[in-house]
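curious how this folds, go ahead:
(one chain, ligands or ions: 3)
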Amino acid sequence: MICKIASLPGDGIGAEIVPEAIKALQAVGRKYGHEFVFTEALIGGAALDAVGVPLPEETLRLCRESDAVLLGAIGGPKWDNLPVHLRPEAGSLLPLRKELGLYANLRPVVLYDALIDASTLKKEVIQGTDILVIRELTGGLYFGEKKREQTPTGQIAVDTLVYTTEEITRIARLAFETARKRKKKLCSVDKANVLESSRLWRETVTELAREYPDVELTHMYVDNCAMQLVRWPKQFDVIVTENTFGDILTDQASMISGSLGMLASASIGGKVALYEPSHGSAPDIAGQKKANPIATILSAALMLRYSFNLEKEAQDIEKAIVRVLDKGYRTADIMQEGGILVNTEEMGDRIAEEILEAK
Ligand code: NAD
Ligand code: IPM
Ligand code: MN
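Numbering: from 1, shown residues only. Ligands and ions are numbered 1, 2, ... in the order given. This is a model prediction of the structure:
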């Protein structure tokens with residue numbers, strides 16, 4: 001099997017973690033005889049610095065012509081004060097998601113037993129957590145009309161939170177279908193006590209539930225959900241929510257898995273899917289080889305599963321990560337007593353070795 005993968009390292013730790021995910025995919029390729037062909041392209045601040053725009057036409061074309069996209073991270077303080085269309089966030093990542101039609105962002109929150117003590121949360125609370133958060137990715141506040149104007153006394157700034165029935169139905173359908181293949185529990189998270197868009201969200205999800213009588217649907221307000229996630233995360237199976245709520249809840253939920261550096265993601269819905277860690281470019285540790293590459297390597301496993309239908313190979317990566325963690329190897333963010341501290345590259349090497357060694 002030949003798979004064409006666009007590799008977009010981006011900014012900050014992006015350039016350190018993407019090579020480690022490529023290593024894992026190459027190990028899988030060697031083991032099973034698949035050919036993964038990587039073509040690298042510029043995105044974010046790195047693109048802006050090199051060619052003057054954060055999302056070059058050439059990058060977008062490469063992504064469209066590839067079978068899947070592997071992204072590191074974009075953004076950083078260097079580009080924070082530029083006009084919004086040049087900033088890596090609004091100028092590259094958001095348009096890329098929109099252009100590729102990636103309306104669903106899947107973020108698995110899984111705690112590996114080896115990392116129980118790496119989390120700041122209590123062992124009995126988090127042990128056995130396995131949640132899939134499905135975040136709507138191309139609507140809501142991120143893509144609604146924005147405005148900034150002078151007023152006699154200062155300025156006025158507007159962000160618009162828009163959702164249509166169609167947008168809600170397609171993400172909810174994906175969530176019901178996904179829940180059906182798991183523990184058949186779906187929790188839809190909104191703020192229907194205040195927001196009109198959330199009222200439409202709740203009505204639409206409730207209506208669709210009639211087609212899925214085998215899935216247990218519950219609704220939860222987002223503020224309560226933030227609390228419930230740290231109180232008793234095991235109550236959740238699949239969570240579906242709108243763009244902004246999903247962004248915030250998943251960073252929070254990442255601590256159940258020990259670190260934001262463990263949280264993978266798959267953005268799907270279009271012809272070509274995009275795989276990236278849920279975290280950002282981590283400017284505070286960039287260039288120091290401290291970054292945890294596991295979120296990106298797990299995202300590569302999701303690529304094998306969702307884009308290439310290579311389930312066994314995806315599991316090989318996931319099992320290799322478990323074995324490396326069981327052997328005690330730790331990057332700084334998940335370091336604990338008795339752990340063996342390794343840098344980004346060493347962690348990637350250990351995982352690639354395990355992929356090759358395991359039967
Ligand atoms: P961040 O996710 O980059 O970092 C938050 C904290 O988590 C930092 O202390 C960082 O060191 C730590 N961290 C993140 N990933 C880690 C890893 N793999 N290993 C170890 N520690 C890790 O969030 P931020 O600092 O708020 O944002 C920095 C920049 O990244 C901003 O420009 C932001 O817009 C951008 N960003 C990009 C993406 C993306 O590309 N998808 C996602 C989030 C933030
Ligand atoms: C993420 C990031 C992005 C988002 C930013 C960088 C635009 O935080 O992927 O979670 O908010 O979607
Ligand atoms: Mn985020």
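
could you report the neighbour count for the residue of the stretch 151-300 of the chain found nearest ligand 2?
Relative to ligand 2, the nearest point of the stretch 151-300 of the chain is Asp247 (4.4 Å; C-beta to the nearest ligand atom). Every residue, glycine included, has its C-beta placed from N, CA and C. Residues near Asp247, counting by other C-beta atoms under 10 Å, number 18.

how about the nearest residue to the residue of the stretch 151-300 of the chain found nearest ligand 1, chain neighbours excluded?
Ligand 1 sits closest to Gly280 of the stretch 151-300 of the chain, with a gap of 2.3 Å, by C-beta to the nearest ligand atom. Nearest residue to Gly280 in three dimensions, chain neighbours excluded: Ala73, at 5.0 Å (C-beta to C-beta, 6 or more residues apart in numbering).

same deal with Trp232?
Ranked by C-beta to C-beta, 6+ apart and with sequence neighbours excluded, the top spatial neighbour of Trp232 is Val125, at 6.7 Å.

before we move on, back to that, from what I can see the residue of the stretch 151-300 of the chain closest to ligand 2 touches Arg135, true?
Yes - assessed by C-beta atoms under 8 Å, Asp247 is found in contact with Arg135 at 6.8 Å.

enumerate every residue touching the residue of the stretch 151-300 of the chain closest to ligand 2.
Arg135 (C-beta atoms under 8 Å, 6 or more residues apart in numbering).

where's it, which helix or strand?
Here Asp247 sits within helix 243-253, counting by DSSP states H and E.

does the helix or strand just after that helix reach ligand 1?
Per DSSP H and E, the first helix or strand lying C-terminal to helix 243-253 is strand 266-268. No - figure legend: strand 266-268 not in contact with ligand 1 (C-beta under 6 Å from any ligand atom); closest approach 9.6 Å.

list the strands paired with strand 266-268, with their directions.
Applying DSSP bridges, strand 266-268 is found paired with strand 104-110 (antiparallel), strand 273-275 (antiparallel).

that strand near ligand 2 anywhere?
No - Strand 266-268 is not in contact with ligand 2 by C-beta under 6 Å from any ligand atom; minimum separation 8.7 Å.

what of stretch 130-142?
No - using C-beta under 6 Å from any ligand atom, stretch 130-142 stays clear of ligand 2, coming no nearer than 6.8 Å.

buried stuff in that stretch?
130-142 (16 or more other C-beta atoms under 10 Å).

between the residues you listed, which sits nearest Asp80?
Tyr142 (17.5 Å; C-beta to C-beta).

burial count for the spatially closest residue to the closest one that is not a sequence neighbour?
Using C-beta to C-beta, 6+ apart and skipping the chain neighbours, the partner closest in space to Tyr142 is Asn243 (5.1 Å). Residues lying near Asn243 (other C-beta under 10 Å) number 23.

what's the separation between whatever residue of the chain ends up closest to ligand 2 and Leu48?
Residue nearest to ligand 2 within the chain: Glu89 (4.0 Å; C-beta to the nearest ligand atom). Separation of Glu89 from Leu48 (C-beta to C-beta, to the nearest Å) stands at 12 Å.

those two: which is more packed in?
Between Glu89 and Leu48, counting by other C-beta under 10 Å, Leu48 is the more crowded of the two (24 against 16).

re earlier: roughly how far is the helix holding Asp247 from the heart of the chain?
With C-alpha atoms, centre = their mean, to the nearest Å as the basis, helix 243-253 stands 10 Å off its chain's centre.

smallest distance to ligand 1 belongs to which residue of the stretch 1-150 of the chain?
Residue of the stretch 1-150 of the chain nearest ligand 1, by C-beta to the nearest ligand atom: Gly75 (2.5 Å).

can you pull the contacts of Ser66?
Going by C-beta under 8 Å, 6+ apart, Ser66 touches 4-6, 39, 272.

ok, now Gly144?
Going by C-beta under 8 Å, 6+ apart, Gly144 touches 159-162.

just read off the phi/psi values of the nearest residue to it once chain neighbours are set aside.
Among residues not flanking Gly144 along the chain, Thr160 sits closest, at 3.2 Å (C-beta to C-beta, 6+ apart). The phi/psi pair for Thr160 (degrees, to the nearest 10) reads phi -110, psi 130.

just the pLDDT for Thr160.
Turning to Thr160, the model gives it a pLDDT of 98.

ok, it - contacts?
Counting by C-beta under 8 Å, 6+ apart, Thr160 makes contact with 141, 144-146.

which one of those residues is nearest to Met227?
For the contacts of Thr160, the residue nearest Met227 by C-beta to C-beta is Leu141; the value is 22.0 Å.

so the closest one: helix, strand or coil?
The three-state assignment at Leu141 reads helix, by DSSP: H, G, I helix; E, B strand; the rest coil.

what about it, distance to Tyr112?
Between Leu141 and Tyr112 the distance is 33 Å, computed by C-beta to C-beta.

ok, back up a step: now the two most distant members of the contacts of Ser66.
Thr39 and Val272 (13.0 Å).

enumerate every residue touching the closest residue to Gly44 other than its chain neighbours.
Counting by C-beta to C-beta, 6+ apart, the nearest residue to Gly44 once its immediate chain neighbours are dropped is Ile74, at 3.1 Å. Contacts for Ile74 (C-beta under 8 Å, 6+ apart) come out as 10-11, 14, 43-45, 54, 88-89, 92-93, 280-281.

so which of the residues you listed is the closest to Ala314?
Gly14 (22.3 Å).
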